[in-house]
Structures are given as C-alpha cells and as structure tokens.
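**Q** With the input below, show me the fold.
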Amino acid sequence: MGSEQAGLTVVKPLKLLTVSYGTEEYVEERRKFERFTLKLPAKVETMTSGQHQSTFDLSTINVSAGGALLPAEEPIPKGITVKMNLIVSTEWLKDLTGSQGHLEFVGKVVRCDSNGMAIRFDKKYRFTRMIV
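**A** Predicted coordinates for the structure are as follows:
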C-alpha cells in the first residue's frame, strides 16, 4: 500500500468512488494529492464567524498538499472552519536549513469518523522559518 522515501511512508490514494451499472462496478480515484504518513504536532483552532472558539493540540496521522487527517478523539463537526498550525521539525530539515518550518493553514472539516478527522486546506497558507 505504501512505499518508503527518505524515511517517510508514502501512502497511495485510497479514497475511491464506486459506481455500479447493473452487474459491473467502476472505481474512480477522487484524491488529487499523494498522502504522506507524518506525525506532526498540530494546533487546531475552531473558528465561527471568523472568531476563535476552541483550541486542540493534536498530531497528524497523514498529510497531503490538500489536507490532513488527525485523530478524532475530540471530533470537530463536519463543516466547521479551522485554523491549523503545523511544525515541520526533522533532523534532515535542521541540518539542511538550520531551521524548522511553521505552516499555517485555514481549512474545513470535511469528514469525521472512526478513521479520524479530515481537514481540507484552503489554497491560502503561510510558511515561515523558525531558527532553532
């Protein structure tokens, strides 16, 4: 299901749309971005009418260019807008750049089930370097 690349597990897209026509089934891939199994510290803030409501300290299960999956221990309802901060801190990144990466996204909860809570990122994000 996945392959190893530079210490990361690359998870091939799995979310499929199955359409049945009589006795035949057709499967269509719906994910646009490859997912990476990464456990990154994440601060997730719920937003209602642009105002901060609650903050959760979690760790990602996997991340792609379009979103992230987090544990659903304290699920946030589908449709809620969130601000998410991720710290990308690896020895490789520190050795290469002397810094950590801080990513800030705004997104929306698109699914919450036994597999976790899926957040789809908006196209706007901010990446800053944090000198360590």
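
**Q** Run through the helices of the chain in chain order.
**A** Remark: helices assigned in the chain by DSSP state H are 91-97.

**Q** Would you state the strands of it in chain order?
**A** Along the chain, the segments classed as strands by DSSP state E run 2-5, 8-11, 16-21, 24-29, 35-37, 41-48, 51-59, 62-64, 67-70, 81-88, 99-113, 116-131.

**Q** What's the per-residue pLDDT of the closest residue in space to residue 101 that isn't next to it in sequence here?
**A** Closest residue in space to residue 101, ignoring its immediate chain neighbours: residue 88 at 3.9 Å, by Cβ to Cβ, 6 or more residues apart in numbering. Any C-beta I mention is one placed from the backbone N, CA and C, and that applies to glycine too. Residue 88 is assigned a predicted lDDT (pLDDT) of 78.

**Q** Redo the strands of the chain as TSV? Include mean neighbour count.
**A** TSV is the format used below for the strands of the chain (neighbours: other Cβ atoms under 10 Å):
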stretch	mean neighbour count
strand 2-5	10
strand 8-11	15
strand 16-21	9
strand 24-29	9
strand 35-37	18
strand 41-48	16
strand 51-59	12
strand 62-64	21
strand 67-70	24
strand 81-88	18
strand 99-113	17
strand 116-131	14
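
**Q** So the residue nearest to residue 101 is in contact with residue 41, correct?
**A** No: taking contacts as Cβ atoms under 8 Å, residue 88 lies outside contact range of residue 41: 9.4 Å.
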